[in-house]
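1. can't give you the sequence, but here's the structure:
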């Protein structure tokens, strides 16, 4: 087992695919907060050590010049980050993190911005979990600068945004070719994308009036309606999968895992991994007010808001209810009448909090909805 592990995740550093860690490092590079090419270097390469040393020099210089993070983290920088997230096929967690960072930077940013940019930016990179290659392959193919240069050439990246070096993004990318090299397959040209639109879709409906986030790349069935299988925590869902009680066509509902309900909004990694192991990865739907691992794929919708702990509609779902997930129409709908939902809402009572003292209890009281970044100072 150790040998399998060593070969699956060789070396130090984060997971090799375009999962959450590599997504966020790529985003910081796209925003101008880190040096060009630094986000995709292998952790143990000599280039990484050189980049780290240069980063220290650049940081000292930025301080001497009075350059502050808020001067870099502008609205244009966030739009660049979203565009690159779509182009590289990044993690759903990018949505949550960017909303939270924008809140701290006092930059207006909403889920609607993700949907608007998704509509005009294609997926250009063939990267895991839904593609073939890993992040070091992206680095060898030209890295994030190559992706950004393609986006800049086609008018979906702000070249006048500022970078930590003091240059504009356009100046940083000046020597990068407008088209990817022909001797690689990791980065597609603009006119031959992996997908014609971005992969992170914002779904809405009576189950997610504030929104839910779905990754639509690699989804074989973009629309399904199936019976709800309801679980009030991750562990009970995992037990049902392992016991063989989940059937093809089911829509699994994992609730009370949101920012307040968890508290902390856990990743539903164990159930999604178990579904794949059981051969059900493409055969069932899954919705949750929790999060997903960056390595998750399939017909899954996370960050459902309002969450169950505050009485969101996801708290009113009953076993066997019909649920429709339609990523093409951006719909997440509980097929139950308004009158019936009103009766259920009148009967609903919030469960006892999992923590009544300490840091987690304080967090649960303060944290905001996932739809605005799950921050504690909103």
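-> The structure has been received and is ready for your questions. Computed from a prediction, not measured in an experiment: that's the story for all the values here.

2. not counting sequence-adjacent ones, nearest residue to the spatially most central residue of the chain?
-> Centroid-nearest residue in the chain, with Cα atoms, centre = their mean: residue 92, separated by 1.3 Å. Using Cβ to Cβ, 6 or more residues apart in numbering and skipping the chain neighbours, the partner closest in space to residue 92 is residue 213 (4.9 Å). The C-beta positions use only the backbone N, C-alpha and C, and glycine is treated the same way.

3. repeat that for residue 246.
-> Computed as Cβ to Cβ, 6+ apart, the closest residue to residue 246 that is not its neighbour in sequence is residue 240, at 5.6 Å.

4. can you report phi and psi for that neighbour?
-> In terms of degrees, to the nearest 10, the main-chain angles of residue 240 are phi -70, psi -40.

5. for it, give me its contacts.
-> Residue 240 is in contact with 229, 231, 246, counting by Cβ atoms under 8 Å, 6 or more residues apart in numbering.

6. bridged to the nearest residue to residue 285 once chain neighbours are set aside, which residues?
-> Spatially, and ignoring its direct neighbours in sequence, residue 285 is nearest to residue 251 (4.1 Å; Cβ to Cβ, 6+ apart). When assigned by DSSP bridges, residue 251 has beta-bridge partners residue 228, residue 285.

7. picking up where we left off before, include distance to residue 144 when you put the contacts of residue 240 into JSON lines, please.
-> Formatted as JSON lines, the contacts of residue 240 follow (distance: Cβ to Cβ, whole Å):
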{"residue": "229", "distance to residue 144": "40"}
{"residue": "231", "distance to residue 144": "38"}
{"residue": "246", "distance to residue 144": "39"}
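
8. looking at these, state which has the most neighbours.
-> residue 229 (24 neighbours; other Cβ atoms under 10 Å).

9. distance of that residue from residue 239?
-> Residue 229 sits 12 Å away from residue 239, going by Cβ to Cβ, to the nearest Å.

10. ok, which stretches of the stretch 151-300 of the chain are helices?
-> For the stretch 151-300 of the chain, applying DSSP state H, counting those that start in this stretch gives helices covering 169-172, 234-242, 269-277.

11. return the member of these having the minimum mean pLDDT.
-> Note on these: lowest mean pLDDT is at helix 269-277, with a mean of 93.

12. tell me which element residue 36 is part of?
-> Following DSSP states H and E, one finds residue 36 outside all helices and strands.

13. the bottom helix or strand of the chain by mean pLDDT?
-> Here the helix or strand of the chain ranked lowest by mean pLDDT, DSSP states H and E is helix 2-8, holding a mean of 84.
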